[in-house]
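>>> structural data only, the sequence is not supplied:
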């Protein structure tokens, strides 16, 4: 099912963090020859989102230079959040500033979640738009996860966010306005924050042997 042409939805990829726990820009970490950020961009651009805003911050020039994605894609706009040290809320606001006048909904996508796919984005998009609710999110098990999506009526409150907590309080404030969407198949919503997370991801993707397995030595 294609999205109605009357509905305009922006995707905002949040990739401005300093990767302090990783020790190097996790946006450029590679899995199977593709960086985490290139993967996020590919899946977003293959989805039915109308525009993609990539929000960079820490080491923005280095990260942009390291991307393999066709950055001239007409649906892609890259911006720099110079206030990225103020937390993820500053990146949400920076991305929202680019789309709030023309797009009635915006989806937030975290660049460090390697299992987000275009199919998952589209599933959330369709069910959220059909629900008529103000907020949407992927549901894994008994918890809310990412990506998440917001309607225009919440833009003002998104602009008031502070610090590194994101928009979780809005989901608590409007529990009867949340469309929770279950993935069609198993979805691991892991994110990559530390070298240990990266090692776990490599093992899952079978990029390197499990050193705890005697047969792999």
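Arrived safely, thanks for sending. If you're wondering where the values come from, they're calculated on a predicted model, not measured in any experiment. Numbers count the residues shown, from 1 in each chain.

>>> center of this protein, which residue is that?
In the chain, the residue lying closest to the centroid (CA atoms, centre = their mean) is residue 109, at 1.6 Å.

>>> helices or strands up against the longest helix along the chain?
Secondary structure of the chain per DSSP state H: the longest helix is helix 118-131. Applying 3 or more CB pairs under 8 Å, 6 or more residues apart in numbering; DSSP states H and E, one finds that helix 118-131 contacts strand 9-15, helix 36-45, strand 105-110, strand 135-140, strand 143-151, strand 178-181. C-betas here are computed from N, CA, C, even on glycine.

>>> residue ranges with poor pLDDT in the chain?
1-5, 206-217 (pLDDT under 70).

>>> sorry, back to before: can I get the helices and strands packed on helix 118-131 in a markdown table including distance to residue 90?
Below are those laid out as a markdown table (distance: least, CB to CB, whole Å):
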| stretch | distance to residue 90 |
| --- | --- |
| strand 9-15 | 10 |
| helix 36-45 | 18 |
| strand 105-110 | 13 |
| strand 135-140 | 20 |
| strand 143-151 | 16 |
| strand 178-181 | 24 |
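
>>> so which of those has the densest surroundings on average?
Mean neighbour count, computed with mean count of other CB atoms under 10 Å, is highest for strand 9-15 among the helices and strands packed on helix 118-131, reaching a mean of 26.

>>> from the chain's centre, how far out does that one sit?
Relative to the mean C-alpha coordinate of its chain, strand 9-15 is positioned 7 Å out (CA atoms, centre = their mean, to the nearest Å).

>>> ok, stretch 10-25 next?
Distance, centroid of stretch 10-25 to centroid of chain: 10 Å (CA atoms, centre = their mean).

>>> and what of stretch 116-128?
That offset, for stretch 116-128, works out to 12 Å (CA atoms, centre = their mean).

>>> got a list of contacts for it?
Stretch 116-128 has contacts (CB atoms under 8 Å, 6 or more residues apart in numbering) with 1, 3, 9, 11, 40, 43-44, 46-49, 105, 107, 109-110, 136-138, 146-147, 149, 179, 181, 183-184, 187.

>>> 7 Å - rerun?
1, 3, 9, 40, 43-44, 46-49, 107, 109, 136, 138, 147, 149, 179, 181, 183-184, 187 (CB atoms under 7 Å, 6 or more residues apart in numbering).
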